[in-house]
Structure formats: structure tokens, C-alpha cells
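> sequence first, predicted coordinates after that:
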Amino acid sequence: MEKFADILSYPHVYESFEFRDPELTRTENVKVKMAGLWHERQFENSNPIAVELACGRGEYTLDLAKRYPEKNFIGVDIKGARIWKGATIAMENKMKNVAFLRSRIEQIELFFKPGEVSEIWITFPDPFPKEGKENRRLTSPLFLEKYQTLLKKGAVVNLKTDSDLLYNYSLESVGNFPHARILQSNSNIYAGELPHPDLDILTYYEQQHLEEGRTIKYLKFGFDTLDP
């Protein structure tokens with residue numbers, strides 16, 4: 001309860017309390033619409049916006065923000081207790097290029113205008129292994145359609161996962177999606193030179209996966225679409 005109370009006081013944390021409601025709650029029940037207004041209302045600059053989906057404790061969001069102060073980063077997750085960790089670190093370190101959004105990712109398109117996002121990171125999401133749950137995977141056609149709309153022309157999606165099932169599913173899903181193109185794929189990123197310089201960021205979950213002997217996979221893809 002203390003963590004949830006903290007989050008409600010943070011000016012860089014936004015929460016969705018009503019499904020399919022485009023308004024977000026910020027700092028003690030102030031309602032705001034942020035689609036198309038993140039630059040103006042949160043970051044106060046025109047720098048590119050990168051979004052981390054299923055951000056958990058926000059390790060990637062925070063480390064990327066430190067590496068690229070010329071960019072803005074938004075971590076998205078439904079678990080408030082997880083977001084609290086990253087949001088607190090950002091607050092304590094006065095990181096102006098970091099924000100967090102507590103929401104179901106299924107409605108991500110409500111909170112960004114078409115073409116507002118410059119890059120997406122998906123780091124160790126739930127692979128939803130049970131039959132019938134495929135549409136909940138963050139690389140299912142349902143989500144690919146959303147990414148295609150949100151991303152600027154030439155922008156990319158980065159997937160990092162330990163799940164063979166999700167990795168193979170993603171290769172097929174992206175490969176079959178109209179106008180999508182796989183730019184890079186690697187079934188074991190630590191077997192050689194890292195395929196992307198920012199893959200060296202270790203999340204809490206990745207450290208556990210590596211200790212268990214799992215291999216880490218990477219997929220980078222984009223869309224052949226015009227700017228909105």
C-alpha cells in the first residue's frame with residue numbers, strides 16, 4: 001500500500017484505472033490525456049520517445065535513459081509494485097528523461113498518437129505457453145498491428161527473451177505479418193558478439209534465467225509503412 005501511495009505522488013508515473021479510457025491518472029487523481037502530448041506535458045522537449053513494454057522493475061528503461069540522455073524513455077507494465085522500483089530510482093536520481101505508465105498493454109494505442117514512438121523494447125515478457133493464449137503474446141498479430149501504428153517510419157521493435165516458444169512464435173508471427181520485416185534474429189546472443197550493444201543490460205529476470213542455464217534470444221523487426 002505504501003508503494004501504491006508513493007506512485008500516486010510521482011509526477012512521472014501515469015496510471016490507467018478504467019479499461020479503454022484514454023485518460024490517465026497522475027499525482028493524486030489528476031486526470032490527463034497524454035496521446036500526442038508526451039513531449040509537451042512530461043518531457044518538455046522534442047527528443048525521440050522509446051517505450052519498454054512489460055518493463056517490470058524498469059531496469060532497461062533506466063539503463064537506456066542513462067546511456068541516451070538525448071532520448072526519452074517510458075516503461076509500461078501493469079504491476080504497480082514493480083513499477084515503483086524503477087520509478088523511485090528515477091526520482092531519486094532526478095532523471096528527467098524517464099516516465100512510467102501503469103496499464104494493460106492491450107490498450108497501449110489509447111495513450112500514444114500514431115507515429116509518436118521511435119523505438120519499442122520488449123524485455124522478457126510472459127510467453128503465455130498455454131494453448132489458446134497466443135493472442136496475449138506481445139508479438140501476436142493483435143499487438144503487431146498496434147506497433148505498426150504507433151511507430152515512426154523506420155522505427156524498430158526489439159524483443160529479448162529466454163523462451164524458445166515465444167522466440168519461434170515471434171519469428172513466424174512477424175514473418176507472416178503484412179509489411180513487417182525481420183531485421184535481425186539470434187537464438188543465443190551470448191554465443192558470440194552481441195547483436196545489439198544494448199543487450200548487455202541485465203534485468204532481474206535475465207540474471208535468474210542465466211543462472212538456470214537458459215539461452216537468451218533476440219529479435220529485431222520493423223514495418224515497411226509510411227509516416228502517419
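Now that the structure is in, tell me what you want to look at.

> run a quick neighbour tally on Ile122.
Each residue near Ile122 was counted by other CB atoms under 10 Å, and the total is 26. Heads up, the C-betas are built off the backbone N, CA and C, glycines and all.

> biggest strand in the protein by residues?
strand 151-161 (DSSP state E).

> give the other helices and strands that it contacts.
Contacts defined by 3 or more CB pairs under 8 Å, 6 or more residues apart in numbering; DSSP states H and E place strand 151-161 against strand 117-123, helix 164-176, strand 217-223.

> give me the contact list for that strand.
115-125, 127, 138-139, 147, 166-167, 170, 183, 189, 196, 198-199, 206, 216-223, 225-227 (CB atoms under 8 Å, 6 or more residues apart in numbering).

> what strands line up against that strand, and which way round?
Sheet pairing for strand 151-161, assigned by DSSP bridges, gives strand 117-123 (parallel), strand 217-223 (antiparallel).

> next, the angle from the last one to helix 164-176.
Translated: strand 217-223. Counting by axes from the mean of the first three to the mean of the last three CA atoms, to 10 degrees, strand 217-223 points 20 degrees away from the direction of helix 164-176.

> quick one: buried residues of strand 217-223?
Neighbour-count burial for strand 217-223 flags 217-223 (criterion: 16 or more other CB atoms under 10 Å).

> so for Tyr14, which of the strands paired with strand 151-161 sits nearest?
In terms of CB to CB, the element of the strands paired with strand 151-161 nearest to Tyr14 is strand 117-123, at 15.1 Å.

> export the closest one as PDB, just CAs?
Output in PDB follows, covering the C-alpha atoms of strand 117-123 (Å, rounded to 0.1, in the frame of the first residue of the first chain):
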ATOM      1  CA  VAL A 117       7.100   6.300 -30.700                       C
ATOM      2  CA  SER A 118      10.600   6.000 -32.100                       C
ATOM      3  CA  GLU A 119      11.500   2.500 -30.700                       C
ATOM      4  CA  ILE A 120      10.000  -0.300 -28.700                       C
ATOM      5  CA  TRP A 121      11.800  -2.700 -26.300                       C
ATOM      6  CA  ILE A 122      10.000  -5.900 -25.100                       C
ATOM      7  CA  THR A 123      12.100  -7.500 -22.400                       C
END
